[in-house]
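Engineer: Test case, fold it:
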Amino acid sequence: MNQTPYVVVVGSANVDLTTFTDQFPRPGETIFGQSFDLGFGGKGANQAVAARLCGAEVSMVARVGDDLFGPATIANFAGYGIDTSHVRITPGVSSGVAPIFVESSGQNRILVVKGANDRLTPADVDQAEDLLRRADCIVLQLEIPLDTVYYTLRLARKYGVRTILNPAPAQPLDLQAAGEADYVVPNETEAEALAGAPVRNPEEARTCAQRLLDRGLRRIIVTLGANGALSASERGVRHVPPFPVNPVDTTGAGDAFIGSFACFLASGCEEEEAISRSNLYAALSTLAVGTQKSFVSNERFETEWAKAPRAAHSR
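Structural biologist: Below you'll find the predicted structure:
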């Protein structure tokens, strides 16, 4: 890594309402949970924080509500040193919220209420155009309107700025429009939604990735959780192995991967090293509870990277 990158995240900001339980309730059933945690989240916000903690300069383009959560969300960004000049408070609309349920195994289920995130428009992107033109990398997700996502991708292509699209939460996409992204980074569920084929293991991920390349996507990275990640482009397909850990809470691990990947790639890392580094950064995030609160500092990451087995860094 040889430079300080500038990453702009156009995306969502939520408040996470996390409940921990031994098991998920069945329909119509009421059970007692173990504990509750309130924290700042949203895929866009999480990815911005991860990129910032990894050493990037970061700006956020987003909307929050005029409720109690809106100013607190902006203050949280500022506390990380993230530029909030284009985070707008939206009158008469709630902030986005995400009730999260985490089972004792570490698996999670998430329900997102988009609120003000759904009011982020191409006009907001135009107002932030100066930031986008200067960015080394622009990161997007699907918790904001698709028209805004597609518009941002086209604008970034116009200025030759590298883009990463995280197609999450899983939903159908216009693959021609999504093909403007330099990288599309889904997990197994999201890849299945895009390709219409199951992704339950690395081999199925390979088949799925090839199908998406054939449909016009430029580069795909399928994150596979405990199985690492699979990258695919016209140059071929490679599996980048994981760094095994005993997870406490997997919430936000995908966001940790994408935010750190944006930073590492824009810092000058080769693609495969950037993916391997992001595998480790995401793995470290599962060792603590929460989303942003579980993301480690760059210093902690570099210490763990130096200790990691060389054989796991690439394959």
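
Engineer: which stretches of the stretch 151-300 of the chain form helices?
Structural biologist: 175-178, 188-195, 202-214, 253-266, 271-285, 298-307 (DSSP state H, counting those that start in this stretch).

Engineer: And the ones you listed: which comes nearest residue 65?
Structural biologist: Nearest to residue 65 among these is helix 253-266 (20.8 Å), distances taken as C-beta to C-beta. C-betas here are computed from N, CA, C, even on glycine.

Engineer: gap between that closest one and the chain center?
Structural biologist: In this view, helix 253-266 has its centroid 7 Å away from the chain centroid, taken as C-alpha atoms, centre = their mean, to the nearest Å.

Engineer: hang on, the earlier thing: make CSV out of the helices of the stretch 151-300 of the chain and add mean neighbour count.
Structural biologist: Converted to CSV, the helices of the stretch 151-300 of the chain look like this (neighbours: other C-beta atoms under 10 Å):
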stretch, mean neighbour count
helix 175-178, 16
helix 188-195, 21
helix 202-214, 18
helix 253-266, 29
helix 271-285, 24
helix 298-307, 13
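
Engineer: Where does pLDDT dip in this protein?
Structural biologist: For the chain, the stretches with pLDDT under 70 are 1-2, 310-315.

Engineer: coming back round to it: mind giving me CSV with the helices of the stretch 151-300 of the chain and columns for distance to residue 46?
Structural biologist: Listed next are the helices of the stretch 151-300 of the chain as CSV, based on distance: least, C-beta to C-beta, whole Å:
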stretch, distance to residue 46
helix 175-178, 21
helix 188-195, 16
helix 202-214, 23
helix 253-266, 4
helix 271-285, 9
helix 298-307, 16
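
Engineer: which stretch among those comes nearest residue 223?
Structural biologist: The nearest among the helices of the stretch 151-300 of the chain, by C-beta to C-beta, is helix 253-266 at 5.5 Å.

Engineer: for the closest one, packing partners?
Structural biologist: Taking 3 or more C-beta pairs under 8 Å, 6 or more residues apart in numbering; DSSP states H and E as contact, the helices and strands that helix 253-266 lies on are strand 6-10, helix 43-53, strand 137-140, strand 162-165, strand 220-223, helix 271-285.

Engineer: Switch these over to TSV; also include distance to residue 128.
Structural biologist: Output for those, formatted as TSV (distance: least, C-beta to C-beta, whole Å):
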stretch	distance to residue 128
strand 6-10	7
helix 43-53	13
strand 137-140	10
strand 162-165	14
strand 220-223	26
helix 271-285	25
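
Engineer: Nearest to residue 97, out of those?
Structural biologist: Evaluated over those, closeness to residue 97 peaks at helix 43-53, with 12.4 Å, by C-beta to C-beta.

Engineer: What's the first helix or strand after the closest one?
Structural biologist: Counting by DSSP states H and E, the next helix or strand C-terminal to helix 43-53 is strand 57-65.

Engineer: Residue 228 is nearest to which of the helices of the stretch 151-300 of the chain?
Structural biologist: Evaluated with C-beta to C-beta, the helices of the stretch 151-300 of the chain place helix 271-285 nearest to residue 228, the distance being 5.5 Å.

Engineer: tell me how far that closest one is from the chain's mean position?
Structural biologist: The answer for helix 271-285 is 13 Å, by C-alpha atoms, centre = their mean.

Engineer: what's the angle from it to helix 253-266?
Structural biologist: If you take axes from the mean of the first three to the mean of the last three C-alpha atoms, to 10 degrees, helix 271-285 sits at 140 degrees to helix 253-266.

Engineer: helices and strands around helix 271-285, which ones?
Structural biologist: Using 3+ C-beta pairs under 8 Å, 6+ apart, helix 271-285 sits against strand 229-233, strand 236-240, helix 253-266, helix 298-307, helix 310-313.

Engineer: The ones you listed: which one's closest to residue 75?
Structural biologist: Of all these, helix 253-266 comes closest under C-beta to C-beta, at 19.6 Å.
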